[in-house]
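J.: Structure of the sequence below:
(one chain, ligands or ions: 1)
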Amino acid sequence: MTGVLECDDLTVRYAGNVALSGVKISVPRGKMIGLVGANGAGKSTLVNALAGWSRGRAIVTGKVNLEGQGIDDLAPHERVTRGLTLVPEGKNIFVELTVDENLELVRPPRDTNGRHIFSIPDVFDFFPRLAERRHHRGAALSGGERQMLAVGRALLAGPRVLMLDEPSAGLAPRLISDLLSRIRLLVDRGLPVLLVEQNVKAALKVVDHLYLLERGRIVGEGSAEIMAADQRIVEAYLGTIAAGARA
Ligand SMILES: Nc1ncnc2c1ncn2[C@@H]1O[C@H](COP(=O)(O)OP(=O)(O)OP(=O)(O)O)[C@@H](O)[C@H]1O
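T.: Predicted coordinates:
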């Protein structure tokens, strides 16, 4: 295994119901890796299992490695301390606090070795809209601004690798491509990103490599170029593009 974050034979069961089965993925240094699949395919189950938590009583087996070290026995907060950062679906901000306060609350990592270090001015450089809204409370932000704030908070924690669970949920198409291209800039600065995305068309524009998850199993993977031509991806997610190309 050579990625910054890897898992092998990762399996998650909920009361006998298998939500994830024998999953192997790798997130290499400086790459953006996409994970797509239909509703209920197991995408959130996978990133949550990597982060060390589950929404219910789950039995998790298999191996998870961060920088070559097994982290299977670590609690979620210990994984965060090691630099494995997840922005979960539904954001992760304090709605009663201002943008500034949300950012100031994040404790930077003690051990900066191998971490991607960002300051609050860096966050404002990546998301200028947040700087304009810095005195507004989380509750007053739009969906896109909340997502930027959630990502900004994750950056301040000094990630080794950043996992994003459907950052585009609820955003207008123009905002989706803007957000994803800003995240791509972070990757180009070296930060490895695992992106769970329902908008496959938008994901294919920014990721290096894509995994396709169906009913808890990885059923396809490849470069963005190869996966954009994969029959299953075209039929399930890019139908209108294919139809447009034929017209
Ligand atoms: N707490 C839970 N208890 C029991 N089953 C669960 C639980 N959470 C998820 N599941 C099941 O695990 C499977 C995968 O769900 P998951 O939410 O990971 O899918 P997803 O691909 O993220 O879907 P979506 O895009 O709708 O969020 C589904 O069959 C779901 O019903």
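
J.: Does Met163 belong to a helix, a strand or coil?
T.: strand (DSSP: H, G, I helix; E, B strand; the rest coil).

J.: Is it bridged to anything, and to what?
T.: For Met163, the beta-bridge partners are Leu86, Leu194 (DSSP bridges).

J.: need the contact list for the closest residue to Leu103 other than its chain neighbours.
T.: Sequence neighbours aside, Ile120 is the residue nearest to Leu103 in space, at 5.1 Å (criterion: C-beta to C-beta, 6 or more residues apart in numbering). C-beta here means a position set from N, CA and C on the backbone, and glycine is covered the same way. Taking C-beta atoms under 8 Å, 6 or more residues apart in numbering as the criterion, Ile120 is in contact with 100, 103-104, 156.

J.: For Ile120, give its distance to Gly143.
T.: In this view, Ile120 and Gly143 are 22 Å apart by C-beta to C-beta, to the nearest Å.

J.: Equivalent analysis for Gly34, please.
T.: Taking C-beta to C-beta, one finds Gly34 at 21 Å from Gly143.

J.: out of the two, which sits in the busier spot?
T.: More crowded of Gly34 and Gly143, by other C-beta atoms under 10 Å: Gly34, with 24 against 14.

J.: which ones are touching that one?
T.: 195-197, 203-204, 206-207, 209-211, 224.

J.: Which residue, neighbours along the chain excluded, lies closest to it?
T.: Spatial nearest neighbour of Gly34, excluding adjacent residues (C-beta to C-beta, 6+ apart): Val207 at 3.7 Å.

J.: I'd say that neighbour and Val27 touch.
T.: No - using C-beta atoms under 8 Å, Val207 makes no contact with Val27, being 10.9 Å away.

J.: Any idea how many residues pack against the nearest residue to Lys31 once chain neighbours are set aside?
T.: Take Lys31 and drop its neighbours on the chain: the residue closest to it by C-beta to C-beta, 6+ apart is Asp208, 4.6 Å away. Residues near Asp208, counting by other C-beta under 10 Å, number 17.

J.: what's the spacing between the most centrally placed residue in the chain and His209?
T.: For the chain, the residue lying nearest the average C-alpha position, counting by C-alpha atoms, centre = their mean, turns out to be Leu164 (1.9 Å). Separation of Leu164 from His209 (C-beta to C-beta): 15 Å.

J.: Assign whichever residue of the chain sits closest to the ligand to helix, strand or coil.
T.: In the chain, the residue that lies nearest the ligand is Gly56 (2.6 Å; C-beta to the nearest ligand atom). What three-state DSSP gives for Gly56 is coil.

J.: What sits closest to it if chain neighbours are left out?
T.: Leaving aside its sequence neighbours, Gly56 sits nearest to Tyr14 (C-beta to C-beta, 6+ apart; 5.8 Å).

J.: for Leu180, same thing?
T.: That would be Val206: by C-beta to C-beta, 6+ apart, it lies 4.7 Å from Leu180.

J.: contacting residues for the one you found?
T.: So Val206 contacts 32, 34, 180-181, 183-184, 195 (C-beta under 8 Å, 6+ apart).

J.: Quick check: the farthest pair among these?
T.: Pairwise distances across the contacts of Val206 (C-beta to C-beta) peak at 14.0 Å, for the pair Gly34 and Ser181.

J.: so Val95 makes contact with Leu149?
T.: No - in this structure, Val95 is not within contact of Leu149 by C-beta under 8 Å, at 10.1 Å.

J.: Sort out which of the contacts of Gly34 are in strands and list them.
T.: When the contacts of Gly34 are checked against strands (DSSP state E), the matches are 195-196, 209-211.

J.: can you put these in TSV and add pLDDT?
T.: Converted to TSV, those look like this (pLDDT from 0 to 100):
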residue	pLDDT
Leu195	98
Val196	97
His209	98
Leu210	98
Tyr211	97
